[in-house]
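*Asks:* no sequence on this one, just coordinates:
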């Protein structure tokens, strides 16, 4: 009976949040043809908060003492489920966009919105010319005051734990000289996971960790930076699962 109720509840929440998403994307595509994305950022945040509410979880944000909300930064985040971008948009107090797979830009309507809103396409096939284009767009976004979200695992977690990181985002931060903000999304795996469609009642906590400077770092420092950020993001996730294990 419990599973049946969860299935019915999840189906209803998917339908309601899906309708809200479709309406929002359609409206924003129209608005983006006439208004710069910065001008309607408040509206986008309103829609993102409503989408998360309609899907069911409760979201809290914990800003650590050394987090600087005024610095244009790379936000390095663990990747849990399809709701991550909306949860982050509710939590990050800056004008922010993401590095997103180029294939996503081919999705009807949604892809148009991603392009008009200034998300940076990450090439599915890493040819030198495509990587240079990504680098140029990343640099232009940051110089224009737009912070960028990076999911360095490259895919969603299958067990809730943090996977290994790729170096790309750290190399860009080091070479372009922009700071990094590690971000931990905790409890979202229990809300929704990659291999299941159920939406569980959950409390999600987003940790905005201390801002890390990259100015003056050398290329040889990138692996150390990557491992440091990995440890920071993993800490509250591991603590969360350790507490659940003793219940």
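*Replies:* In hand now; what should we look at? What you see is a predicted model; the values in this text were computed from it and never measured. Numbers count the residues shown, from 1 in each chain.
*Asks:* CA atoms for contacts and neighbours, from now on please.
*Replies:* Will do.
*Asks:* Tell me where this structure is predicted with low confidence.
*Replies:* Within the chain, the ranges that satisfy pLDDT under 70 run 1, 125, 247.
*Asks:* try it again with 50
*Replies:* Low-confidence segments of the chain (pLDDT under 50): none present.
*Asks:* Go ahead and flag the most central residue of it.
*Replies:* Centrality entry for the chain: nearest residue to the mean C-alpha point is residue 85, 4.2 Å, by Cα atoms, centre = their mean.
*Asks:* so where does it fall, helix or strand?
*Replies:* Following DSSP states H and E, one finds residue 85 within helix 84-91.
*Asks:* so how far is that helix from its chain's centroid?
*Replies:* Its chain's C-alpha centre and that of helix 84-91 lie 6 Å apart, by Cα atoms, centre = their mean, to the nearest Å.
*Asks:* Distance-wise, check the residue nearest to the centre of the chain relative to residue 95.
*Replies:* According to Cα to Cα, to the nearest Å, residue 85 and residue 95 sit 13 Å apart.
*Asks:* ranges for the helices of the chain?
*Replies:* For the chain, the helices defined by DSSP state H occupy 2-32, 41-55, 84-91, 110-116, 128-143, 168-176, 188-191, 222-245.
*Asks:* okay, these in TSV with distance to residue 150 next?
*Replies:* Shown next, in TSV, are the helices of the chain (distance: least, Cα to Cα, whole Å):
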stretch	distance to residue 150
helix 2-32	22
helix 41-55	18
helix 84-91	10
helix 110-116	15
helix 128-143	11
helix 168-176	7
helix 188-191	17
helix 222-245	12
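*Asks:* what's the neighbour count on residue 132?
*Replies:* 12 (other Cα atoms under 10 Å).
*Asks:* My guess is residue 47 contacts residue 24. True?
*Replies:* Yes. If you go by Cα atoms under 8 Å, residue 47 and residue 24 touch, sitting 6.9 Å apart.
*Asks:* quick one, which of these two is more surrounded?
*Replies:* residue 47 (20 against 16).
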